[in-house]
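Enquirer: How does the following fold in three dimensions:
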Amino acid sequence: MTQEMLEKLLNELAGRMEKAYGSGLKAILLYGSAAAGDWHEGYSDVNVLAVLDKVGAGELEKAEEIFHWWRGQGNPSPLLMSEQEVRTSTDCFPIEFHDMAERRRVVYGEDVVAGLEIDDRYYRAQVEHELRAKLLRLRQKAGGVLKDGRLLLRLMLDSVSTFVVLGRHALRLKQGSAPWRKHEVVRALREAFGISGEALERLLRLREGEAKARPAEAQALFAKYLEEIGQLAEAVDRMEEGAETR
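Expert: The predicted structure is shown next:
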């Protein structure tokens with residue numbers, strides 16, 4: 001998908017949602033890799049936050065057809081929140097709100113994230129939880145495809161972006177800031193935590209078409225991949241609560 005096609009898709013989403021909600025639609029924000037210029041077709045999601053004056057059963061009913069169409073374009077459903085929820089739930093979703101605060105683009109309406117104070121009380125815990133939960137899920141999925149190198153490679157390629165994003169948040173916790181470009185994140189993880197990053201770097205290059213791998217290599221690469229993710233989770237676990245950000 002070209003940038004022009006992405007813009008057309010976002011404009012159509014905004015048009016459909018404005019027609020459905022009228023003045024009840026307050027904002028549509030694009031955030032994450034697509035807003036940061038680090039988006040890769042086939043692997044990266046187009047992440048959207050849609051903000052309404054309220055979100056109830058009636059609003060969800062109006063969203064059904066729109067979300068079905070949007071998922072048909074290969075994207076996850078937009079996050080649907082009320083204005084009140086945006087203001088009061090930053091402590092529950094610090095990862096997502098930090099992503100929005102740092103890299104976002106207003107597609108429609110107000111910039112509801114501008115000036116938002118993000119509550120970091122549970123930030124470290126959320127990063128560790130996401131790392132460990134996704135690592136468990138990765139193991140579950142891998143258990144059924146370990147002997148199929150092609151499927152195992154696809155599993156790693158589909159998941160590497162998520163783990164690099166969580167690595168970026170681990171860096172934010174440790175040093176207060178972190179790069180956005182995925183290759184830069186891996187290099188920074190090596191310096192900050194002593195993680196080799198060889199598997200993460202290779203998977204990123206494979207995903208981008210800059211390298212090739214034989215299915216026979218998949219198991220060895222997977223073993224290294226698991227090791228690096230585990231090291232990252234342990235590094236976040238060792239961080240002291242209350243001293244995450246500076």
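Enquirer: rest of the way, CA atoms for contacts and neighbours
Expert: Fine.
Enquirer: The residue lying closest to residue 87 once chain neighbours are set aside: how many residues sit nearby?
Expert: Spatial nearest neighbour of residue 87, excluding adjacent residues (Cα to Cα, 6 or more residues apart in numbering): residue 116 at 7.2 Å. For residue 116, the count of nearby residues is 15 (other Cα atoms under 10 Å).
Enquirer: where does residue 116 land in three-state SS?
Expert: At residue 116 the chain is in coil, as set by DSSP: H, G, I helix; E, B strand; the rest coil.
Enquirer: Any stretches of the chain with poor pLDDT?
Expert: Scanning the chain with the threshold set as pLDDT under 70 gives 1-2, 36-44, 241-246.
Enquirer: can you pull out the helices in it?
Expert: In the chain, the helices defined using DSSP state H lie at 3-21, 33-36, 57-72, 83-88, 94-102, 123-142, 149-175, 182-193, 198-207, 218-238.
Enquirer: Quick check: which of those helices is nearest to residue 110?
Expert: Nearest of the helices of the chain to residue 110, taken as Cα to Cα: helix 83-88 at 10.7 Å.
Enquirer: Tell me which other helices or strands that closest one touches.
Expert: Under the contact criterion of 3 or more Cα pairs under 8 Å, 6 or more residues apart in numbering; DSSP states H and E, helix 83-88 touches no helix or strand at all.
Enquirer: repeat that for 10 Å
Expert: strand 25-31, strand 47-52 (3 or more Cα pairs under 10 Å, 6 or more residues apart in numbering; DSSP states H and E).
Enquirer: want to throw the helices of the chain into a markdown table with mean neighbour count?
Expert: A markdown table is the format used below for the helices of the chain (neighbours: other Cα atoms under 10 Å):
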| stretch | mean neighbour count |
| --- | --- |
| helix 3-21 | 15 |
| helix 33-36 | 20 |
| helix 57-72 | 13 |
| helix 83-88 | 15 |
| helix 94-102 | 19 |
| helix 123-142 | 17 |
| helix 149-175 | 20 |
| helix 182-193 | 18 |
| helix 198-207 | 20 |
| helix 218-238 | 17 |
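Enquirer: Redo those as JSON lines? Include distance to residue 45.
Expert: Converted to JSON lines, the helices of the chain look like this (distance: least, Cα to Cα, whole Å):
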{"stretch": "helix 3-21", "distance to residue 45": "11"}
{"stretch": "helix 33-36", "distance to residue 45": "7"}
{"stretch": "helix 57-72", "distance to residue 45": "11"}
{"stretch": "helix 83-88", "distance to residue 45": "21"}
{"stretch": "helix 94-102", "distance to residue 45": "14"}
{"stretch": "helix 123-142", "distance to residue 45": "17"}
{"stretch": "helix 149-175", "distance to residue 45": "10"}
{"stretch": "helix 182-193", "distance to residue 45": "15"}
{"stretch": "helix 198-207", "distance to residue 45": "14"}
{"stretch": "helix 218-238", "distance to residue 45": "21"}
